[in-house]
Each structure stands twice: as C-alpha cells, then as structure tokens.
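[1] predicted model and sequence follow; I will ask about them next.
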Amino acid sequence: MNRADMQKDPEEVAGMFDATAKRYDLLNSLLSGGNDKLWRIHMQRAVKPKPGERILDVAAGTGASAAPMAKAGALVTALDISPGMLEEGRRRHPDIEFVHGSAEELPFEEGSFDAVTISFGLRNVQHPRAALDEFFRVLKPGGRLLICEFSQPPVGVVRRGYELYLQTVLPGLARAASSNPDAYRYLVESIRSWPDQQTLSQWIRTAGFTRVAHRNLTMGVVALHRGRKPTETTGAMRIARHAAAEEQGD
C-alpha cells in the first residue's frame, strides 16, 4: 500500500505495518529527528496515568506509548490491527496486554476505560469518525480522550518548510533506511491529506466529547487533542450529537 487515497483498507494497512514492525520505532526516531520521544513525553504528561486506572491505547504498535503508562501503574490494554506489531510488542513488553482489533469496532464493553489514547494512528483508520464514536462508547462517564497526531502548521513559513521536508528529505531517508519505503510514501501522503486542528476538534465534539482542546507541538507539525466524556449522557445530549453529525455530514 503506497497511496493515502486507497481508502485505507484495514488489511492493507495491517500488512504495511507488519512489514515494518521490527524497525518501526527506530525509523520513527530517525525520520522525526528524535522528536517522537518528545511528543510521547507530552502525551504521557497529558494522560496523567494513575495507578489502577484502566487505559486503552489504540493503534499501540509495539507499545512505545503504552509502556510508560503501565510503568506509572495504570492497567493498560494495547490494541492494534497489525499482528506483526502485536507480536513485536508482546516480545518487548510481556507485562502489557496486547489485543488484536480495529479502532472502528472495539472489542470492549461500554464504559470499560478511564482513558483512551491514540498516538499517530487515527489518520490510518478507514473511518476516523466511527473510531471516535467507539472511543466515546468504551469510556466511563468522565473518562478522557487523548489524541496525538500529525497536523497542519498554522504559520505559513513553517508549513512551507514542513511540506518541503515531506516532499524531499523524508522520502530520501526512508529509501536509505527502510526495507519498505512505500510505507513511508504512504506516511507522507496520509499526513498531507489529514485535516487541520480545528476540523479534528469539531469531529471530537460531534462524537459527544466536551472540554475539547488542542495544543500544538513542534510549531503545529503535531497536535495533542483532548476531550472528556460527560459524566451524564442525557437524552438531550444524544439528540445534539446526532444533529451535529447530520450537519457535518460524513
């Protein structure tokens, strides 16, 4: 799979990540200039995992984001669609529960988790708004959602420089360092086609979340989004959700 416009077929996405599983984290550090570690630190601080909390880490990959939360004492479930990623994650972090599944059809009961997190995975989901609905469903009332994802730098000069990096530097590094450079061509195109911060924030609100906010990291190359599931989902709130969804369209 090497085109972001191939409807992000789940089997093809899984196969793409299967092929890069063993070197995935190393290549991410290389291609991000080491910033991936800083982004994950910001994510960890925003989640504020507490001992005994149940946290679902979606698109968990090899467990790079799940591991710090587990170390803090949270009961982390790491979910991914790629069997190769799950196998590598279990090898690296045998103390974490890894589960095969789709973000659009989470295999968990309603109100199961205190927090849901997803780092650099939402744009790979075929129907991201369906995934947001699922995140809302499996959260407990008052539960929190944290999304760390590539975004659109708001400053023109930064945006142009970033676009140049995506077009020239990143593909060259991928060809030199990866056995599957097509996967990183897909990475570039998926980033370029992903909506801006305001659009994702609106999607999160439409899914029913309140206290929605975002924080730009690395001048907006990445954005950290958050939201809360209301403590009581009243009938009026459900009606408002459906009305907002109809207004926004698919």
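    On my side now, so go ahead.
[2] for Ala130, grab the count of nearby residues.
    16 (other Cβ atoms under 10 Å). Any C-beta I mention is one placed from the backbone N, CA and C, and that applies to glycine too.
[3] ugh, wrong one, Asn35
    Using other Cβ under 10 Å, Asn35 has 15 neighbouring residues.
[4] which non-adjacent residue is nearest it?
    Nearest residue to Asn35, sequence neighbours excluded (Cβ to Cβ, 6 or more residues apart in numbering): Thr218, at 5.7 Å.
[5] show me the contacts for the one you found.
    35, 38-39 (Cβ atoms under 8 Å, 6 or more residues apart in numbering).
[6] element containing Gln25?
    Residue 25: Asp, not Gln. In this structure, Asp25 sits in helix 24-31 according to DSSP states H and E.
[7] so what touches stretch 127-136?
    58, 103-106, 116, 118, 122, 125, 145, 203-204, 206-209, 229, 250.
[8] including distance to Ala64, secondary structure and pLDDT, could the contacts of Thr218 go into a markdown table?
    Converted to a markdown table, the contacts of Thr218 look like this (distance: Cβ to Cβ, whole Å; DSSP: H, G, I helix; E, B strand; the rest coil; pLDDT from 0 to 100):
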| residue | distance to Ala64 | secondary structure | pLDDT |
| --- | --- | --- | --- |
| Asn35 | 13 | helix | 90 |
| Leu38 | 13 | helix | 94 |
| Trp39 | 11 | helix | 94 |
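[9] can you give me the strands in this protein?
    Secondary structure of the chain (DSSP state E): strands at 54-58, 75-80, 97-100, 113-119, 139-150, 210-217, 222-228.
[10] of all the ones you listed, which one comes closest to Ala64?
    strand 113-119 (7.9 Å; Cβ to Cβ).
[11] what ranges do the helices span in this structure?
    For the chain, the helices defined by DSSP state H occupy 10-20, 24-31, 35-47, 66-71, 83-92, 128-138, 156-164, 170-177, 181-193, 197-206, 235-248.
[12] closest to His225 out of those?
    helix 197-206 (6.0 Å).
[13] what residues of the closest one count as buried?
    For helix 197-206, a neighbour-count test (16 or more other Cβ atoms under 10 Å) marks 197, 200-201, 203-206 as buried.
[14] now stretch 61-75
    Buried residues in stretch 61-75, defined by neighbour count with 16+ other Cβ under 10 Å: 61-70, 72, 74-75.
[15] between the two ends of it, how far is it?
    From its first residue to its last, stretch 61-75 covers 17 Å (Cα to Cα, to the nearest Å).
[16] tell me the mean pLDDT for that stretch?
    Across stretch 61-75, pLDDT averages out at 96.
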